[in-house]
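A.B. asks: following is a predicted model, sequence given first.
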Amino acid sequence: MRNRQKGFTLIELMIVVAIIGILAAVAVPAYSDYTVRAKVTEAVSAVAPLKASVSDYYNATGNLPTTAAQAGIAEGEDNDGSIYATDVVKSITMDNLIGPGAIKVALKAIGGGVSDGDTLVFVPETAGNGQLIWSCQASSGNGSLAEQYAPGNCRDGASAAN
């Protein structure tokens, strides 16, 4: 009677370990970029109430606000440095140099290629029907955040209605 082999040979186990190593080498950098992009998305969410304030001012007056006070947006600092500061967002301000109603979000260093002070900029543009169209700009526009970490609607100046 012959003995049947049970289990795996050493070479089979080494091949499986090598395959797992190759998959991990590809997956870890992709996952790192994904986690940075997920954190940056918090900045987009943090700006939503401020965009609504600018839109309200525009709907009430027919003009874009030129100051934060006109739009009803608080600016300044609290104990942490900025009223709108979070774990990801360093500050949110209105930037009239870019245009009336423009909102600039400065990020904290969150790893990857995002360093302290990188910015996303949200610029309102008037549509003919009394609606504002917001363009989100990263490094291809007035912001300084690398395109690969910017949310999809912020790459290459993509616009979204509000």
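C.D. replies: Structure's in. What do you need?

A.B. asks: quick one: low-confidence ranges for the chain?
C.D. replies: Confidence mapping of the chain against pLDDT under 70 gives the ranges 1, 76-82, 156-162.

A.B. asks: which helix is the longest one in it?
C.D. replies: helix 10-61 (DSSP state H).

A.B. asks: secondary structure class for Ile92?
C.D. replies: Three-state assignment for Ile92 (DSSP: H, G, I helix; E, B strand; the rest coil): strand.

A.B. asks: so it makes contact with Thr86?
C.D. replies: No. Using Cβ atoms under 8 Å, Ile92 is not in contact with Thr86, being 9.8 Å away. For the C-beta atoms, the positions are set from N, CA and C on the backbone; glycine is no exception.

A.B. asks: output stretch 44-54 as PDB, nothing but the C-alphas.
C.D. replies: Extracted as PDB, the C-alpha positions of stretch 44-54 are listed here (Å, rounded to 0.1, in the frame of the first residue of the first chain):
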ATOM      1  CA  VAL A  44     -15.900  69.500   1.400                       C
ATOM      2  CA  SER A  45     -18.500  68.700   4.000                       C
ATOM      3  CA  ALA A  46     -17.300  71.500   6.300                       C
ATOM      4  CA  VAL A  47     -17.800  74.100   3.600                       C
ATOM      5  CA  ALA A  48     -21.400  73.100   2.800                       C
ATOM      6  CA  PRO A  49     -23.000  75.500   5.500                       C
ATOM      7  CA  LEU A  50     -20.800  78.400   4.300                       C
ATOM      8  CA  LYS A  51     -21.800  77.800   0.700                       C
ATOM      9  CA  ALA A  52     -25.400  77.900   1.800                       C
ATOM     10  CA  SER A  53     -24.800  81.300   3.500                       C
ATOM     11  CA  VAL A  54     -23.200  82.700   0.400                       C
END
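
A.B. asks: so which residue is dead centre in the chain?
C.D. replies: Val40 (3.2 Å; Cα atoms, centre = their mean).

A.B. asks: now Asn142. Nearest residue, chain neighbours left out?
C.D. replies: Spatial nearest neighbour of Asn142, excluding adjacent residues (Cβ to Cβ, 6 or more residues apart in numbering): Val121 at 4.3 Å.

A.B. asks: hang on, the earlier thing: mutual contacts of Ile92 and Thr86, please.
C.D. replies: Both Ile92 and Thr86 are contacted by Ala46, under the criterion Cβ atoms under 8 Å, 6 or more residues apart in numbering.
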